[in-house]
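>>> When you get a sec, could you give me coordinates for this:
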Amino acid sequence: MPEVPELLTLRHNLLTHFKNRKITHFEIKWDKKLKSPKQDIVSAVNGATLTGIERSGKTLELHFNNDQKLGFHLMQTGRPYLRPSDNEIKWPVWEMFFENGMGFGIQDPTLQTSLALNPITPNVPDVLTESLTVEYLKAIFRKSREQLIKPLLTNPRYIRGLGNAYIDEILWQIKVSPASIASLIPEEKIHELHGAIEAVLTNAEMEIRKITGPDALMIEKRDFMNVHNSKRTKDPNGDEILKGEIGKAKTYWTKSQVLYEHKHQIFGKTL
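Now for the predicted structure:
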């Protein structure tokens, strides 16, 4: 699934191609995942000028000069493409063309990509914004009781924008096991976590931009990752990369990451 670094790369490239351009044609080819009636969406943006794009969680919002917004979420398998293109486009969901003769669309083999007119922003802190503070992280960790840290951080009810792959990188960076109980994480590690979130995502965006280059909108390739990387068997420190499932998500970590868990005494032994 495209995560924040991929979405920020897509945002940058879409603005480079289409900012301040007027839409000449907008066609929705699959309407089962629309959050508003198809005709309302088309009427709202046809002929409008794209003035900006903002990321909200894992949604990109297209902003137009008539105060309308379109939010789209690529879900697991949605991917963008440029028009015109010599490549055959399979499973197109929608396409948008501009006055410069170019356009872009979304293809999705599972047809799960969603599209909403004037989406409402949830009142939940978003990564890479001032709303995600150390104090907020402390509060949700304290309330989480027995919840593991990885499922907690990837739950959009608590934080918007953090996904599976980059959480593994962030937790590796601060040497905390993804199977740790969130409420047992020391305060100093929460401070480290807060800084690592911005550092890892910002660095990843730079890497994704390099990989994507000027002739594409977004390429999802993560060879630069330190642990969440199927091509690596060891991390940069030489530690073996372990793989498993945590919270039903494919997870990568090393033994160098500290596991914060309850310790129990049975017959004088700590288990």
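>>> give me the beta-bridge partners of R83?
Under DSSP bridges, the beta-bridge partners of R83 are G103.
>>> How about the contacts made by the residue minimising distance to the centre of the chain?
For the chain, E3 is the residue whose C-alpha lies nearest the centre (C-alpha atoms, centre = their mean; 2.3 Å). Going by C-beta atoms under 8 Å, 6 or more residues apart in numbering, E3 touches K58, G161, L162, G163, N164, A165, Y166. (Glycine included, C-beta is placed from N, CA and C.)
>>> from memory the fifth one sits against T154, does it?
What that stands for is N164. Yes: if you go by C-beta atoms under 8 Å, N164 and T154 touch, sitting 6.0 Å apart.
>>> list residues touching both of the two?
By C-beta under 8 Å, 6+ apart, the residues touching both N164 and T154 are A249.
>>> so where is the stretch 151-271 of the chain shaky, pLDDT-wise?
Within the stretch 151-271 of the chain, the stretches with pLDDT under 70 are 264-271.
>>> Which residue ranges of it form helices?
164-173, 187-212 (DSSP state H, counting those that start in this stretch).
>>> Specify the angle between the first one and helix 187-212 in degrees.
Put simply, helix 164-173 runs at 130 degrees to helix 187-212, going by axes from the mean of the first three to the mean of the last three C-alpha atoms, to 10 degrees.
>>> what does helix 164-173 contact?
1, 3-5, 149-150, 153-154, 177-178, 192-193, 196-197, 199-201, 204, 222, 225-228, 235, 249-254, 257.
>>> Can you say which of these are buried?
3-5, 149-150, 153-154, 177-178, 192-193, 196-197, 200-201, 204, 222, 225-228, 235, 249, 251-254, 257 (16 or more other C-beta atoms under 10 Å).
>>> Inside strands: which ones of these?
Counted as lying in strands by DSSP state E, out of the buried ones among the contacts of helix 164-173, are A249, T251, Y252, W253.
>>> mind listing what L14 touches?
With C-beta under 8 Å, 6+ apart, L14 has these contacts: I53, L60, P80, F104, L217.
>>> Rebuild the residues you listed as a markdown table, extending it with neighbour count and distance to S43.
Converted to a markdown table, the contacts of L14 look like this (neighbours: other C-beta atoms under 10 Å; distance: C-beta to C-beta, whole Å):
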| residue | neighbour count | distance to S43 |
| --- | --- | --- |
| I53 | 21 | 21 |
| L60 | 21 | 21 |
| P80 | 20 | 23 |
| F104 | 20 | 20 |
| L217 | 20 | 26 |
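>>> need those in TSV with distance to E261, can you?
TSV is the format used below for those (distance: C-beta to C-beta, whole Å):
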residue	distance to E261
I53	42
L60	38
P80	41
F104	47
L217	43
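>>> Which one of those residues is nearest to L184?
Closest to L184 out of those is L60 (36.0 Å), distances taken as C-beta to C-beta.
>>> Now do the phi/psi pair for the closest residue to E207 other than its chain neighbours.
Nearest residue to E207, sequence neighbours excluded (C-beta to C-beta, 6 or more residues apart in numbering): F224, at 4.5 Å. For F224, the backbone dihedrals (degrees, to the nearest 10) come out as phi -80, psi -10.
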